[in-house]
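Chemist: following is a predicted model, sequence given first.
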Amino acid sequence: MKSHTAYLSIKTDERYAVVNITSGVEAELKKSGVKEGLCLVNSMHITSSVFINDNEPGLHQDFLEWVEKLAPYDPGGYKHNLTGEDNGDAHLKRTIMGREVVVAVTEGELDFGPWERIFYGEFDGQRSKRVLIKIIGE
């Protein structure tokens with residue numbers, strides 16, 4: 001069994017963003033040499049997310065607007081912000097959008113359904129964060 005670990009570094013200019021990271025994950029899959037197995041992609045920060053969906057900008061905007069309605073930015077509105085931070089909303093948004101994805105690897109490729117791509121969701125950006133890629137298989 002082979003194992004390959006890599007990290008993507010992401011820093012957005014905006015507080016909220018959706019970033020397509022599929023090509024970075026595919027590049028690491030190629031480096032791994034794994035032909036059959038699993039690929040885990042995990043946001044290593046509690047204010048960002050990794051999820052799979054369609055690469056359509058309108059949908060990305062819909063996601064950001066939807067999570068903003070569910071957990072609006074409000075520096076004084078969350079008990080977490082009493083610690084001196086202003087990102088209580090980002091923690092909730094991350095929980096809604098998810099922490100990680102697992103994609104099957106078949107014949108050396110990510111085995112996606114039509115339109116599926118991997119995205120990094122940023123909810124407290126403007127600083128460097130990491131995404132873990134862990135690939136295991138034969």
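Modeler: That came through fine.

Chemist: now do the SS call for the residue most central in space within the chain.
Modeler: Nearest to the geometric centre of the chain sits Val50, at 2.1 Å (CA atoms, centre = their mean). At Val50 the chain is in strand, as set by DSSP: H, G, I helix; E, B strand; the rest coil.

Chemist: give me the nearest residue to it, chain neighbours excluded.
Modeler: In space, and not counting its chain neighbours, Val50 is closest to Ser43: 4.7 Å by CB to CB, 6 or more residues apart in numbering. Glycine gets a C-beta too; all of them are placed from N, C-alpha and C.

Chemist: my read: the one you found touches Thr95, true?
Modeler: No - if you go by CB atoms under 8 Å, Ser43 and Thr95 don't touch, sitting 11.5 Å apart.

Chemist: and those two? Which one has more around it.
Modeler: Neighbour count, other CB atoms under 10 Å: between Ser43 and Thr95, Ser43 has more, with 26 against 13.

Chemist: residue boundaries of the helices in this structure?
Modeler: The residue ranges that make up the helices of the chain, judged by DSSP state H, are 22-32, 57-70, 88-97.

Chemist: returning to that earlier point: ok, the residue nearest to the centre of the chain to Phe63 distance?
Modeler: From Val50 across to Phe63, the span is 13 Å (CB to CB, to the nearest Å).

Chemist: spit out the residues that contact the two alike.
Modeler: Shared contacts of Val50 and Phe63, defined by CB atoms under 8 Å, 6 or more residues apart in numbering, are found at Gly121.

Chemist: please, where are all the strands along this structure?
Modeler: 2-10, 17-20, 37-43, 48-54, 100-106, 109-110, 116-122, 129-137 (DSSP state E).
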